[in-house]
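>>> curious how this folds, go ahead:
(2 chains)
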Amino acid sequence: DQQVKQNSPSLSVQEGRISILNCDYTNSMFDYFLWYKKYPAEGPTFLISISSIKDKNEDGRFTVFLNKSAKHLSLHIVPSQPGDSAVYFCAASVLRDSNYQLIWGAGTKLIIKP
Amino acid sequence: DAGITQSPRHKVTETGTPVTLRCHQTENHRYMYWYRQDPGHGLRLIHYSYGVKDTDKGEVSDGYSVSRSKTEDFLLTLESATSSQTSVYFCAISGVRGQQYFGPGTRLTVT
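Prediction:
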């Protein structure tokens, strides 16, 4: 059973417009939700996170929104730039045995069109 | 950048052969992780370590073993590689608030 789901395998957005990436989860025990960005032939890099007790977190062009009642989070990128083209992974962390473990979504490939 | 390196970066091997992948960190982090990434699955945890000689299984540990004899090195071994283990393997170390920092990955092909 997938506890973290990204239902859109890909998303295409015009440069300068808003990109919205979505993620759903099933487990209410997650402590943090994180977004990672991945370029080809590189490891994932941390982008932004949100605590489960918050509704919104903003960092420059990136904002993450958390809707706990719907078990849904979204990443907004405004304005979208060509360098934002990458695969974006949503992940949720849970504390197990004094260690945060991450549960990952399958990823969404974002393509920014010039 | 977190100081994490992986070797080799690419490997082609035959079914039934043993393979060892190495992860090296310079950050002196206690927790280290091995993941595999496959299309449609995101990243899946294979094994993790919480200290020298202390390891535990993840979600997809069958067919894999790990060892950690020094804080900086975490080895992943496929005792007898199978085609289903063709994947991209990532090593990670833990940060704050659930964050993890990843190495560049090893692309393994089992023919």
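
>>> what about the nearest residue to B:Pro18 once chain neighbours are set aside, distance to B:Phe102?
Here the nearest residue to B:Pro18 in space, its sequence neighbours aside, is B:Glu79; by C-beta to C-beta, 6 or more residues apart in numbering or on different chains that works out to 5.7 Å. For every residue, glycine as well, the C-beta is placed using N, CA and C. Summarising the geometry, the distance separating B:Glu79 from B:Phe102, computed by C-beta to C-beta, to the nearest Å, is 25 Å.

>>> kindly report the same for A:Ser80.
Between A:Ser80 and B:Phe102 the distance is 24 Å, computed by C-beta to C-beta.

>>> over to A:Ser93?
Taking C-beta to C-beta as the measure, A:Ser93 falls 15 Å from B:Phe102.

>>> so who does the closest residue in space to A:Lys56 that isn't next to it in sequence touch?
Closest residue in space to A:Lys56, ignoring its immediate chain neighbours: A:Phe65 at 5.4 Å, by C-beta to C-beta, 6+ apart. The contact partners of A:Phe65, taken as C-beta atoms under 8 Å, 6 or more residues apart in numbering or on different chains, are A:55-56, A:73-74, A:76.

>>> neighbour-wise, which of those leads?
For the contacts of A:Phe65, the largest number of neighbours (other C-beta atoms under 10 Å in any protein chain shown) sits with A:Leu73, at 25 neighbours.

>>> which pLDDT value belongs to that residue?
On pLDDT, A:Leu73 comes in at 97.

>>> which residues touch B:Val19?
B:11, B:13, B:77-78, B:81, B:108.

>>> what parts of chain A come near chain B?
Counting by C-beta under 8 Å from any C-beta of the partner chain, the residues of chain A lying close to chain B are A:4, A:6, A:9, A:31-32, A:34, A:41-46, A:49, A:51, A:89, A:91, A:93, A:97-102, A:104-107.

>>> could you list which of these belong to strands?
With strands taken from DSSP state E, the overlap with the residues of chain A next to chain B comprises A:4, A:32, A:34, A:45-46, A:49, A:51, A:89, A:91, A:93, A:99-102, A:104.

>>> list the contacts for B:Phe90?
Neighbours of B:Phe90 in contact, by C-beta under 8 Å, 6+ apart: A:43-44, B:6, B:34-37, B:43, B:102-103, B:105-106.
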